[in-house]
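>>> Any chance you could fold what I've pasted below:
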Amino acid sequence: MTLPNVADAVIDAEKVRDYLLSDSHPIGRFKATYFRSLGFNLADWESLRDALLAHAREGNAAPGQASLFGQKYEVRGTLVGPSDRGEVISVWIVRSGEEVPRFVTAYPR
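Predicted structure coming up:
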């Protein structure tokens, strides 16, 4: 299954810059090490955003936990970086009353 309305998927810049590629975020700093090993960096954070959007379009989405806030989905697949590739799980939510999937997080599989 593909992520619903994946063509309209949204990733906030802060999720990439201040979380996934942050050396100082309490949780994100551990993820930053992994994403840097694939060749992503803070100076070109847009390349990670674009790779995550491609990952969402090409990976297999599975419905996750539903809540009052909306329906979550997990996408599993290969994330292609500038210097390497790795298996990643990305988490998305379609908020209640919306149709657009929004990026929540990503981590190595």
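>>> tell me the secondary structure for residue 52?
Put simply, residue 52 is helix when judged by DSSP: H, G, I helix; E, B strand; the rest coil.
>>> Distance-wise, check it relative to residue 21.
From residue 52 across to residue 21, the span is 12 Å (CB to CB, to the nearest Å). To be clear about C-beta, it is placed using only N, CA and C from the backbone, and glycine gets the same treatment.
>>> Neighbour count: those two, which is higher?
residue 52 (25 against 22; other CB atoms under 10 Å).
>>> residue contacts, that one?
11, 16, 79, 90, 103, 106 (CB atoms under 8 Å, 6 or more residues apart in numbering).
>>> Show me the contact partners of the helix-or-strand element of the chain with minimal mean pLDDT.
Least confident helix or strand, the chain: strand 60-67 with a mean of 92, by mean pLDDT, DSSP states H and E. With CB under 8 Å, 6+ apart as the test, strand 60-67 has contacts from 1-4, 6, 71-77, 91-92.
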